[in-house]
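> structure for this input, please:
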Amino acid sequence: MDLVGFLIDPVVSYQFIRVALITAVVVGLTSAVLSCLLVVRHQALLGDAISHAVLLGVAVGYLVGGTTGVLWGALLVAVGTGALITFIERHSIVKLDAVMGICFTAAFALGLAVISVAQPRGIDLFHVLFGNVLGVTTGDLALTAGSGIGVLAVVALLYRQLHLWSFDPQGAQAAGLRVGLLQYVFTGLLSATIVAALQAVGLILVVAMLITPGATGILLASRLPRVMAVAAGVGLVSAVGGLYGSYYVDVASGPAIVLVASACFALAFLFAPKRGLLAQRVRRRQGRQRTRDEDLLKALFDADDPTAAIALPGVAERLGVDEAEVRGRVGALTRRRLVVRANGAATLTEAGRAEALRVIRTHRLLERHAHDADGLSLHELHADADRREHELDPADVDDMDRLLDNPAVDPHGHPIPTAKGELAAIGGRPLSQLPPDVPAVVAMVRDDRADALEEMVRLGILPHRTVRVAEAGAAQLSVYVEDRLVDVPGAVADRVYVTVPGRPEAPVEPSASPRARSRKPPRIPAP
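Down below sits the predicted model:
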């Protein structure tokens with residue numbers, strides 16, 4: 001049989017297939033739209049609760065009105081149970097999940113009790129619980145179609161209110177919406193949908209159709225209208241696919257429909273372009289590679305000489321990784337034309353310097369924000385910014401810059417690159433090279449050692465503080481910080497840069513200080 005015959009022959013040949021197909025489509029579309037609101041509101045179990053309670057309506061409806069009373073009894077009990085759950089939750093301190101558990105178990109137990117006592121012969125419990133869309137009559141179709149169309153019409157009419165209420169109940173109440181009434185309306189819509197799906201998927205499996213399409217839509221879209229459109233498509237495919245599976249494979253219609261919906265969710269979970277499992281793994285791998293590349297670009301950037309060739313062994317030591325890994329990453333950056341490699345060293349290209357400055361700008365703005373907004377101490381800033389600097393895109397960085405009123409320096413005193421990639425020169429000299437009894441101002445502190453920064457914080461040697469060397473020793477200096485005399489270890493003094501008011505400052509030559517005669521003054525590195 002060809003594909004056209006496979007799809008057309010059952011519909012042309014049998015009226016019950018046509019009735020079942022229309023019923024399945026209505027159920028699939030209606031339950032899919034409501035499932036989005038249920039999933040967004042984290043109330044998926046509300047559908048489960050009402051569906052179990054419907055068994056009582058099925059039993060009582062059959063006893064009162066025979067087969068024609070089943071759906072009406074189910075509808076009345078569903079609406080009543082939903083309203084009762086909402087009423088108890090709104091007028092007691094008991095949480096919604098507990099209220100649902102109490103109400104649906106009580107109604108379900110009462111339904112089983114009625115069936116066990118009355119023993120109605122016209123109720124097929126298997127079809128009630130698991131559905132039989134191929135057994136839908138024309139009268140059932142009319143009630144199902146009317147219920148489904150009514151639900152979709154109300155959702156369309158109240159879409160804006162339901163949208164706001166689902167995402168922000170407090171905001172909806174502040175905007176003047178009657179959230180209590182909306183809760184009752186939503187529960188009524190849910191009850192009508194469950195009754196509409198009674199013949200197609202049954203009481204037990206209807207909860208799957210009230211969760212799976214919406215969950216699939218969230219994996220494939222982000223805005224609620226698109227989520228609803230995707231969920232409706234999943235509901236439609238599930239209903240039609242399950243119907244044909246039930247016809248050709250001779251399996252119960254309810255399980256067949258739910259299995260197709262579950263297969264759609266599984267495919268979305270694995271292969272969704274943005275939120276699927278494989279896409280997340282690819283992004284994580286790319287994120288790790290980007291982090292390593294950006295850290296390497298920062299390490300290759302020399303603020304004193306941006307065109308300098310940086311030896312790769314020193315870069316590996318600084319980053320704390322194997323030299324072979326550094327060489328491999330440098331090779332990748334070379335292919336991207338961000339780096340030029342020669343003789344065991346690497347030099348940033350113009351594009352590489354721009355990328356390095358972008359990362360440095362992000363890092364220093366994050367430090368500024370963490371210090372000003374979150375109150376982190378100086379020795380905590382560097383590690384915090386290192387973790388977060390790779391997660392922000394340029395628009396986020398520009399927003400943070402505006403929020404901070406375009407700061408010129410980070411809390412350590414390092415100049416922050418501009419959005420155009422301009423980096424101010426660093427003036428000043430190390431505190432270890434400051435002559436005694438010369439008042440100076442702390443301009444910047446290096447952030448390459450957390451222990452040194454912690455000691456600076458303890459001693460009060462912070463940017464903008466006034467300092468004056470009282471006595472310089474071989475291992476430490478006695479320094480007045482404002483009016484307080486403290487002993488400053490040499491490793492700390494080497495990492496504090498100061499300027500003398502009224503004098504143009506530049507890094508002091510090694511011969512200018514006894515402590516610096518054996519080596520060049522330390523370069524201020526990028527973070």
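
> with adjacent residues omitted, what lies nearest to Pro411?
Closest residue to Pro411 apart from its sequence neighbours, by Cβ to Cβ, 6 or more residues apart in numbering: His371 at 4.0 Å. Every C-beta, even on glycine, is put in place using the N, C-alpha and C of the backbone.

> same check on Ser191?
Ala78 (3.5 Å).

> then Gly242?
Ile257 (3.0 Å).

> can you list contacts of the helix or strand harbouring the one you found?
Element membership for Ile257, per DSSP states H and E: helix 253-271. In this structure, residues lying in contact with helix 253-271 by Cβ atoms under 8 Å, 6 or more residues apart in numbering are 20, 24, 28, 130-134, 200-202, 204-205, 208-209, 212-213, 215-216, 219-220, 234-235, 237-239, 241-243, 245-246, 249, 276-279.

> how far off centre is the helix or strand following that helix?
Using DSSP H and E, the helix or strand that follows helix 253-271 in sequence is helix 277-300. Per Cα atoms, centre = their mean, to the nearest Å, the displacement of helix 277-300 from the mean C-alpha position of its chain is 18 Å.

> give me the contacts around helix 277-300.
Under Cβ under 8 Å, 6+ apart, the answer for helix 277-300 is 269-273, 310, 315, 318-319, 325-326, 329-330, 332-333, 338-339, 346-348, 352, 355-356, 359-360, 363, 389-390, 526-527.

> which among the residues you listed end up buried?
Buried members of the contacts of helix 277-300, scored by 16 or more other Cβ atoms under 10 Å, are 272, 310, 315, 319, 326, 329-330, 333, 338-339, 346-348, 352, 355-356, 359-360, 363, 389-390, 526-527.

> coming back round to it: looking at the contacts of helix 277-300, which are in helices?
269-271, 315, 318-319, 325-326, 329-330, 332-333, 352, 355-356, 359-360, 363 (DSSP state H).

> so Val496 sits right up against Ala440, yeah?
No: using Cβ atoms under 8 Å, Val496 makes no contact with Ala440, being 9.7 Å away.

> identify the contacts common to those two.
With Cβ under 8 Å, 6+ apart as the test, Val496 and Ala440 both reach Leu431, Val467.

> so for the two, which sits in the more crowded spot?
More neighbours surround Val496 than the other of Val496 and Ala440, with 30 against 24 (other Cβ atoms under 10 Å).

> which pLDDT value belongs to Gly131?
pLDDT recorded at Gly131 is 68.

> what residue ranges in the stretch 201-350 of the chain score low on pLDDT?
204 (pLDDT under 70).

> Ala208 contacts Val201, doesn't it?
Yes: applying Cβ under 8 Å, one finds Ala208 in contact with Val201, separated by 7.3 Å.

> who's more crowded, those two?
Using other Cβ under 10 Å, the more surrounded residue of Ala208 and Val201 is Val201, with 35 against 24.

> wait, a helix at the more buried one?
Yes: under DSSP: H, G, I helix; E, B strand; the rest coil, Val201 falls within a helix.

> could you check how far it is from Ala215?
16 Å (Cβ to Cβ, to the nearest Å).
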